[in-house]
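K.L.:
Sequence unavailable; structure follows:
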């Protein structure tokens, strides 16, 4: 298991919490497929994760705009940085299908980023938006 649900802070918005929980399930499935060397399953899950990540970020950004959240530019910038990071890893995966590259990214970059992002940005955003 890459990340346990209780490792990601809960925020003051049930919808955002549900999105995070679904993403953790997908991340753990992807992690296990990569670790086991199931390239076909990992490829399908990489595609699914790419769509999930964009839906996650776009939905939060729409909620922030609707709520006129003061931190929108900074929160979106953090999403945009991760979009760029993930795109590099995704493109490299599509080219080389190297599980180690994706595993390293997930363990060393994405999960630490997600924990920090939720604690710093999503928690403040959720308080502003409400439930």
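P.N.:
Looks like it arrived, so ask away. Since we're looking at a predicted model, the values are computed, not measured. Numbering: from 1, shown residues only.
K.L.:
Quick check: residue 92 touching residue 98?
P.N.:
Yes - under the criterion of C-beta atoms under 8 Å, residue 92 makes contact with residue 98 at 7.2 Å. Any C-beta I mention is one placed from the backbone N, CA and C, and that applies to glycine too.
K.L.:
Dead centre of the protein: give me the residue that sits there.
P.N.:
The centroid of the chain falls nearest to residue 53 when counting by C-alpha atoms, centre = their mean (5.2 Å).
K.L.:
List the contacts of the nearest residue to that one once chain neighbours are set aside.
P.N.:
In space, and not counting its chain neighbours, residue 53 is closest to residue 86: 6.1 Å by C-beta to C-beta, 6 or more residues apart in numbering. Under the criterion of C-beta atoms under 8 Å, 6 or more residues apart in numbering, the neighbours of residue 86 are 50, 53, 105, 110.
K.L.:
circling back: for the residue nearest to the centre of the chain, give its distance to residue 99.
P.N.:
In this view, residue 53 and residue 99 are 19 Å apart by C-beta to C-beta, to the nearest Å.
K.L.:
do residue 41 as well
P.N.:
Counting by C-beta to C-beta, the gap from residue 41 to residue 99 is 11 Å.
K.L.:
How about residue 11?
P.N.:
Counting by C-beta to C-beta, the gap from residue 11 to residue 99 is 32 Å.
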